[in-house]
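1. Model the structure of this input:
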Amino acid sequence: MSDKHQHFQDLHRQEGCFLMPNAWDAGSAKALAAGGFPALGTTSAGLAYAMGRRDEADIIGLEAALDNIRAIASATDLPVSADFENGYGETPEAVAEAIRRCAQAGASGASIEDLPGDPARGLYAPDVAAARVAAAVDAARSLDRPFTITARAESYLVGVTDAPTDALARLKLYAHAGADCVYAPGVRDRDEIARLVQEAGAPLNVLVGIPGMGTNVEEMRTLGVRRLSIGGSLTRAAWRTVLDGIAQMQNGQFTFTDHVASDRQITEPFD
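-> Numbering: from 1, shown residues only. Take a look at the predicted model:
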């Protein structure tokens, strides 16, 4: 069991680029594991939608997130990195305790955002955010096995003025605080991605699968990106099918059933 945690950390230290798609439940985790990917992430958006809630900060709650992590981590032998919101705590001490519980749930790592539970407050001040990352790192290092901390700068997602400069400055601080991987979701520009790779100070994760981004693994590898994730994109694709089916049924039609996966196709990875 400890080998997968070490393997996940090693993936960030090796050359090359790997794709870590995001599962939202045990079934999607098993399907993705059958796809041959080296690791999985969770997705707060996918979990929120499954619970009938909006994808908003602190809407899920720590206990529901831990249950979801536990279900996904136990469904596959792959390492799982938790989409862990803002660490489910305002203080560094609370973040550290949540990280310890995340590890107990079976995760091999977790990402910590610098967006508070109340988005109206804006991002945490850089020094405050860095202190929270440092607390997460200290908690991870206190465990009896590897645990990989990813630190996120939400500058692009919340529309910070001069997001490229703000994100880079934050990621540098987070790397200095000990983060194993850094991540600025929403960055699209290839020159900005290349600059983050060169200057952030830690391996970079890039969110792909963004509509209109038009990239692929090989391009990201060429830019020097270490890890790719898709966030809630696969979940949203599944919901697109659901919404299209609902629209058909409202019109008294059912042609969407002509293209559904068979029970055998769906359940084959479950064995």
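
2. Which secondary structure state is assigned to R221?
-> For R221, the assignment made with DSSP: H, G, I helix; E, B strand; the rest coil gives helix.

3. burial count for it?
-> 15 (other Cβ atoms under 10 Å). Any C-beta I mention is one placed from the backbone N, CA and C, and that applies to glycine too.

4. surely it meets G16?
-> Yes. Contact criterion Cβ atoms under 8 Å: R221 and G16 qualify, at 6.4 Å.

5. in which helix or strand would I find the closest residue to A184 other than its chain neighbours?
-> Ranked by Cβ to Cβ, 6 or more residues apart in numbering and with sequence neighbours excluded, the top spatial neighbour of A184 is A167, at 4.1 Å. A167 is part of helix 163-176 when elements are defined by DSSP states H and E.

6. Could you export that helix as PDB, CA atoms only?
-> What follows is helix 163-176, C-alpha atoms only, in PDB (Å, rounded to 0.1, in the frame of the first residue of the first chain):
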ATOM      1  CA  ALA A 163      -3.300  37.100 -12.900                       C
ATOM      2  CA  PRO A 164      -0.100  35.900 -14.500                       C
ATOM      3  CA  THR A 165       2.100  38.000 -12.300                       C
ATOM      4  CA  ASP A 166       0.000  37.300  -9.200                       C
ATOM      5  CA  ALA A 167      -0.100  33.600  -9.800                       C
ATOM      6  CA  LEU A 168       3.600  33.300 -10.400                       C
ATOM      7  CA  ALA A 169       4.400  35.300  -7.200                       C
ATOM      8  CA  ARG A 170       2.100  33.100  -5.200                       C
ATOM      9  CA  LEU A 171       3.400  29.800  -6.600                       C
ATOM     10  CA  LYS A 172       6.900  30.800  -5.800                       C
ATOM     11  CA  LEU A 173       5.900  31.400  -2.200                       C
ATOM     12  CA  TYR A 174       4.100  28.000  -2.000                       C
ATOM     13  CA  ALA A 175       7.100  26.200  -3.600                       C
ATOM     14  CA  HIS A 176       9.400  27.800  -1.000                       C
END
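
7. Brilliant, that's me finished.
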